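Asker: need a 3D model of the following:
(one chain, ligands or ions: 2)
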Amino acid sequence: MSLPEYKKDFLKAAVAGGALRFGSFELKSKRTSPYFFNAGDFYTGELHEPIMDAYAQTIAASELADGFDVLFGPAYKGIPLAATVFYALIKTDRARYAKAAYSFDRKEAKDHGEGGSIVGSPLKGKRVLIIDDVVSAGTAKRQAIDMIRAAGGTVVGIVVALDRQETLPGGDGKTSAIGQLRKEYQIPIISIVKLDDIIDGMKGVISDSDIKNIEEYRTKFGASD
Ligand SMILES: O=P(O)(O)OC[C@H]1O[C@H](OP(=O)(O)OP(=O)(O)O)[C@H](O)[C@@H]1O
Ligand SMILES: O=C(O)c1cc(=O)[nH]c(=O)[nH]1
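Answerer: Ligands and ions are numbered 1, 2, ... in the order given. Next up, the predicted model:
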């Protein structure tokens, strides 16, 4: 299967910039994974542009492309994502996104000046697309959904960089964290790449033994949703 160019560019930049690594890594879940994606590395010049463009193209090519009014980035890591990907969306298709908007929250409400927790576009009556780096257990996404609903917005979807497509530890052995959120909130959750794309895109780029380790990991922990 051939990956779209923006996914190839994303993977190439992520590997070159050290955001996507291969070896042995302990996850939050305590699983040992043969690959790791560090969204904390998005700040370098070589990574920033391809990653922000890849988010924008993922959104513009998705079912959510015309279905949101506000791109919302939960604090903290979601904040630069919302601002920068919104800019990339405008650059990608000005006519389509000129009337859209972005916003983000403060972790601590401001008690002076304009006050409150939401900065940027008000959410009342708006269709809101959440942007973030990754989903681990889904806790931060649930909090963001609650906050947006409390502010009168409707969450229409979530976009993240990577879907690891792996089962939730202690779960039913089939469902992923993303799958669980999809079911719970009945919303689309899209990603720039998923584990299957990494395996496809990295063949011939990383060693055969790294590919084999990731395929074995997918066989052991791959989710079915
Ligand atoms: O709980 P999940 O929805 O699976 O997501 C895990 C989130 O946790 C981290 O953010 P955190 O809330 O720790 O805030 P930060 O952006 O300030 O690091 C990380 O950036 C993910 O967005
Ligand atoms: O599950 C995790 O802890 C995890 C995996 C990954 O690839 N990247 C990350 O930041 N966390």
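
Asker: where exactly do the helices run in this structure?
Answerer: Remark: helices assigned in the chain by DSSP state H are 5-16, 45-60, 78-92, 94-97, 139-150, 177-185, 195-202, 208-221.

Asker: can I get the fourth one as PDB, trimmed to CA atoms?
Answerer: What that stands for is helix 94-97. The C-alpha coordinates for helix 94-97 follow below in PDB (Å, rounded to 0.1, in the frame of the first residue of the first chain):
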ATOM      1  CA  ARG A  94      -8.200  30.200   2.700                       C
ATOM      2  CA  ALA A  95     -11.700  30.200   1.200                       C
ATOM      3  CA  ARG A  96     -12.700  27.200   3.200                       C
ATOM      4  CA  TYR A  97     -11.200  28.200   6.600                       C
END
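
Asker: quick one: mean pLDDT for it?
Answerer: With pLDDT averaged residue by residue, helix 94-97 scores 96.

Asker: contacts made by it with the rest, please.
Answerer: By CB atoms under 8 Å, 6 or more residues apart in numbering, the residues outside helix 94-97 that reach it are 60, 65, 66, 86, 89, 90. Every C-beta, even on glycine, is put in place using the N, C-alpha and C of the backbone.

Asker: got the contact list for the second one?
Answerer: By that I understand residue 65. 59, 96.

Asker: so which of the contacts of helix 94-97 also contact ligand 1?
Answerer: Intersecting those with the surroundings of ligand 1, defined as CB under 6 Å from any ligand atom, gives nothing.

Asker: could those go into CSV alongside pLDDT and distance to residue 195?
Answerer: Formatted as CSV, the contacts of helix 94-97 follow (pLDDT from 0 to 100; distance: CB to CB, whole Å):
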residue, pLDDT, distance to residue 195
60, 96, 23
65, 97, 24
66, 97, 28
86, 98, 27
89, 97, 26
90, 97, 31
